[in-house]
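Peer 1: let me see the structure of the following:
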Amino acid sequence: LSAEKYEAKTALLDLDIRFGVGALTFDTEPGAGLRDMLADPDRIDSLFLERASVAATERLSVFATEAALTATDEFRPDAIRVLGEELVRTYDWVVADMPRDVLASQHELIAIADAVVIVSDLSLASMRDALRFRALVSEHGPRARVRLIGNETRPPARGELPRAEFEKTLGIGFSGQ
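Peer 2: Coordinates of the predicted model:
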């Protein structure tokens, strides 16, 4: 874990409140704290963060929740901005997992990001989405470094593009491979 390797107090924010795997990845239980913070960001402060987080390691705190699939609870439009600002004040590193629907409607975390990682397979639809996400980052977080991580980048199957063509079209190469 980078949090331990670099001795950095790190927050993992899993904004996929229905299907996120942040808590599962670190064998922790998702709590209600994240959902409460998103519903009422006026309550967010360092003490609330401490109570809402789940310690995965000595230096890694996980913020995840598991909302019912039928839940219609929406969070306040300013909630992600308020939460992001408090996380940045409290932690050395903040890693946010943003599902597509959150990314499309909430640009606050992109605006304060130092780096944005786009995870993609090699399908044509994924290339289209990666190009759109990259344009969104350029517009809302122009100082952020953009990295591309390949998910299942095996030899192309039907409907997939060769890795080199994908990288050329996007204008960036896959990281860490």
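Peer 1: next structured bit after whichever helix in the chain runs longest?
Peer 2: Assignment by DSSP state H gives helix 124-140 as the longest helix of the chain. Helices and strands here follow DSSP states H and E; after helix 124-140, the next one along the chain is strand 145-150.
Peer 1: the following helix or strand past that next one versus helix 124-140: what angle between them?
Peer 2: Downstream of strand 145-150, the next assigned helix or strand under DSSP H and E is helix 163-170. When axes from the mean of the first three to the mean of the last three Cα atoms, to 10 degrees is applied, the directions of helix 163-170 and helix 124-140 differ by 30 degrees.
Peer 1: all the helices of this structure, residue numbers only.
Peer 2: 2-5, 22-25, 33-39, 46-52, 79-90, 100-105, 108-112, 124-140, 163-170.
Peer 1: and for the fourth one, what's in contact with it?
Peer 2: Residues outside helix 46-52 that contact it (Cβ atoms under 8 Å, 6 or more residues apart in numbering): 11, 31, 33-34, 36-37, 61, 63, 86-87, 89-90. The way it works is simple: take the backbone N, C-alpha and C, and place the C-beta from them, glycine included.
Peer 1: filter those to the buried ones?
Peer 2: The neighbour-count criterion (16 or more other Cβ atoms under 10 Å) marks 11, 31, 33-34, 36-37, 61, 63, 86-87, 90 among the contacts of helix 46-52 as buried.
Peer 1: am I right that Glu160 is in contact with Ser123?
Peer 2: Yes: the pair Glu160 / Ser123 is scored as a contact, 5.3 Å apart, by Cβ atoms under 8 Å.
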